[in-house]
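# dropping a prediction and its sequence here:
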Amino acid sequence: QVQLVESGGGLVQAGGSLRLSCTASGRTFSSNSMGWFRQAPGKEREIVAVITWGGGNTVYADSVRGRFTISRDDAKNTVYLQMNSLKPEDTAAYYCAADGSNYVFSIKTSEYDYWGQGTQVTVSS
């Protein structure tokens, strides 16, 4: 059974930093794109950042580019999201996701087959 487990969320003041981690079990994703998405109350789930196999390419939402960094450690089957200069509008549940198809790159939530349970990030002003 494949599982993605996120950690690292919490409450932080505006301008602060958090580092999210997502560890996969049940299969490896070294040949797969992985990403972070977020969903605020009353809003649709949106892309935050995606990283391709081997970390060769990354894509960021315009709202987080320059503040957030996605990375991966395939030896640990883990993907990270370093979040700096956090803003209140970054408040949301953050979800890790993995594409089940090898060597496919997508920024669409519908393309991702495996999802974590989510971790809450709250940024106070």
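Cool, got the structure. Numbering: from 1, shown residues only.
# quickly list what residue 123 is bridged to.
Under the criterion DSSP bridges, residue 123 forms beta bridges with residue 12.
# and the residue most central in space within the chain, how far is that from residue 14?
For the chain, the residue nearest the mean C-alpha position is residue 36 (1.9 Å; CA atoms, centre = their mean). Here residue 36 is placed at a distance of 20 Å from residue 14 (CB to CB, to the nearest Å). Yep, even glycine has a C-beta here, placed from its N, CA and C like the rest.
# mind listing the strands for the protein?
With DSSP state E as the criterion, the chain has strands at 3-7, 10-13, 18-25, 34-39, 46-51, 58-60, 68-73, 78-83, 92-98, 114-115, 119-124.
# which secondary structure elements does the third one sit against?
Packing contacts for strand 18-25, counted by 3 or more CB pairs under 8 Å, 6 or more residues apart in numbering; DSSP states H and E, involve strand 3-7, strand 34-39, strand 78-83, strand 92-98, strand 119-124.
# picking that back up, for the strands of the chain, could you give me a markdown table that also reports distance to residue 107 and mean pLDDT?
Shown next, in a markdown table, are those (distance: least, CB to CB, whole Å; pLDDT from 0 to 100):
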| stretch | distance to residue 107 | mean pLDDT |
| --- | --- | --- |
| strand 3-7 | 18 | 97 |
| strand 10-13 | 26 | 98 |
| strand 18-25 | 17 | 98 |
| strand 34-39 | 8 | 98 |
| strand 46-51 | 5 | 97 |
| strand 58-60 | 6 | 97 |
| strand 68-73 | 12 | 97 |
| strand 78-83 | 15 | 98 |
| strand 92-98 | 11 | 98 |
| strand 114-115 | 15 | 98 |
| strand 119-124 | 20 | 98 |
